[in-house]
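Asks: kindly return the folded structure for what I paste below:
(one chain, ligands or ions: 2)
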Amino acid sequence: MAGVLAAGWSLPADAETPVERGRYLVESIAGCGNCHSLQDANGPIPGKEYAGGPPIQDAAFDAWPANITPDEETGIGSWTDDEIVRAIREGVTRDGRVMGPPMPFWLYRGIADDDAKAMVAYLRTVKPVKNKVPASVYRMPLPPSWGPAVSGVEAPPRSDKVAYGGYLAGPVGHCVECHTPMTDKGGLDMAREGAGTREFPGPWGTSISRNITPAALGDWTDAEIKRAITQGVSRDGTRLMPPMGFGFYARMTDADLDALVAWMRSLKPVD
Ligand code: HEC
Ligand code: HEC
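Replies: Ligands and ions are numbered 1, 2, ... in the order given. The predicted structure follows:
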């Protein structure tokens with residue numbers, strides 16, 4: 001196994017048990033804790049992982065990332081596996097409410113059945129934390145649903161690096177969401193996939209997602225791209241700001257990083 005061990009541990013992406021696979025996905029490429037955990041400069045605050053994150057606020061919403069620990073009262077401990085999988089991929093809560101952004105349901109619909117189940121298996125093993133999270137407020141119309149019920153989704157074969165990298169960058173890791181400009185209607189401008197320019201205000205100031213198409217990264221080495229993703233250090237040595245989730249991505253295996261780089265290099269160059 002050739003993992004990047006910066007954060008102290010790493011697991012093979014093809015780890016055998018669902019709990020190990022789920023841990024790998026949730027704690028690395030999917031970075032669920034980037035929203036669902038309170039963080040300080042060192043990452044998620046120990047002992048409170050997944051107990052609910054700080055509100056994500058916008059003109060259109062005050063979204064409160066839920067407590068997704070197994071606490072029965074304030075978390076998801078009493079939900080069934082299917083209910084949790086449905087929440088992740090279809091954006092529907094246990095009581096049938098359609099959730100709003102920014103959890104990227106339209107991408108999470110593409111998480112493979114096995115991977116979604118593995119994520120749930122792992123979430124069942126995290127420490128239950130009692131923490132009642134306020135209800136999100138949306139000052140925007142929400143869709144009646146994010147689409148039909150999801151089932152029978154399979155991941156592309158890992159031997160197809162570009163396709164598997166696209167699976168990691170889209171459905172699992174939502175890199176595309178942050179790194180693709182918005183249209184004036186509020187959707188993503190997929191003709192300019194990967195071109196960056198989205199603004200992310202936060203305690204760090206305002207960061208702007210960068211162009212990750214070959215127009216920008218074309219002459220970077222693979223190692224330079226991987227360093228940016230996993231250590232948050234740009235090619236010129238400057239430090240990258242949140243919400244780019246390098247603390248999570250540091251735990252990715254080299255094979256998955258290779259697939260991500262192959263996907264980035266396959267994008268249409270956009271200036
Ligand atoms: C960009 C931020 C963001 C990311 C990334 C994110 N979530 Fe969420 N999640 C939220 C918000 C906000 C809510 C609450 C939405 C609402 O109440 O309408 C939520 C709700 C949920 C719920 C419903 C829980 C409940 O009690 O209603 C589950 C389950 C969940 N998320 C799991 C996950 C998992 C697993 C991942 C990683 C694969 C993930 N989330 C990634 C922001 C995020
Ligand atoms: C929540 C939003 C978000 C997600 C998810 C995200 N990024 Fe980023 N990314 C950013 C922002 C913002 C920056 C720029 C930070 C800065 O300028 O300090 C950035 C910077 C980068 C850079 C550095 C480019 C340069 O010129 O230095 C690379 C490479 C990158 N991201 C790749 C990825 C990949 C691959 C993924 C998925 C595994 C990903 N990002 C997921 C927001 C995000």
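
Asks: near ligand 2, which residues of the chain?
Replies: Counting by CB under 6 Å from any ligand atom, the chain comes close to ligand 2 at 29, 169, 173-175, 178-179, 200, 207-210, 212, 225, 228-229, 234, 240-241, 243-245, 249, 260. (C-beta placed from N, C-alpha, C; glycine too.)

Asks: how does it look with 5 Å?
Replies: For the chain, the contact set with ligand 2 under CB under 5 Å from any ligand atom comprises 173, 175, 178, 200, 207, 209-210, 212, 228-229, 234, 240-241, 243-244, 260.

Asks: of those residues, which is the most crowded?
Replies: In terms of neighbours by other CB atoms under 10 Å, these top out with residue 212 at 28 neighbours.

Asks: tell me the contacts of it?
Replies: Contact analysis of residue 212 by CB atoms under 8 Å, 6 or more residues apart in numbering lists 175, 179, 194, 196, 264, 267.

Asks: please verify my assumption that the fifth one contacts residue 226.
Replies: Think residue 264. No. Assessed by CB atoms under 8 Å, residue 264 is found out of contact with residue 226, at 10.6 Å.

Asks: out of the residues of the chain next to ligand 2, flag the one nearest to residue 44.
Replies: Residue 44 lies nearest to residue 243 out of the residues of the chain next to ligand 2, by CB to CB, at 13.3 Å.

Asks: for that closest one, which non-adjacent residue is spatially closest?
Replies: In space, residue 243 comes closest to residue 200 once its chain neighbours are excluded; the distance is 5.4 Å by CB to CB, 6 or more residues apart in numbering.

Asks: which of the helices or strands spans that neighbour?
Replies: In this assignment (DSSP states H and E), residue 200 forms part of strand 199-202.

Asks: the helix or strand that that strand is followed by pairs with which strands, and in what direction?
Replies: Along the chain past strand 199-202, the next helix or strand (assigned with DSSP H and E) turns out to be strand 205-208. Strand pairing for strand 205-208, using DSSP bridges, gives strand 199-202 (antiparallel).

Asks: quick revisit: what's the average pLDDT for the strand holding residue 200?
Replies: Here strand 199-202 scores 90 as its mean pLDDT.

Asks: and it, C-alpha only, in PDB?
Replies: The C-alpha atoms that make up strand 199-202 are tabulated as PDB, following Å, rounded to 0.1, in the frame of the first residue of the first chain:
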ATOM      1  CA  GLU A 199     -15.800  32.400  -4.000                       C
ATOM      2  CA  PHE A 200     -15.700  30.900  -0.500                       C
ATOM      3  CA  PRO A 201     -16.000  33.500   2.300                       C
ATOM      4  CA  GLY A 202     -15.200  32.200   5.800                       C
END
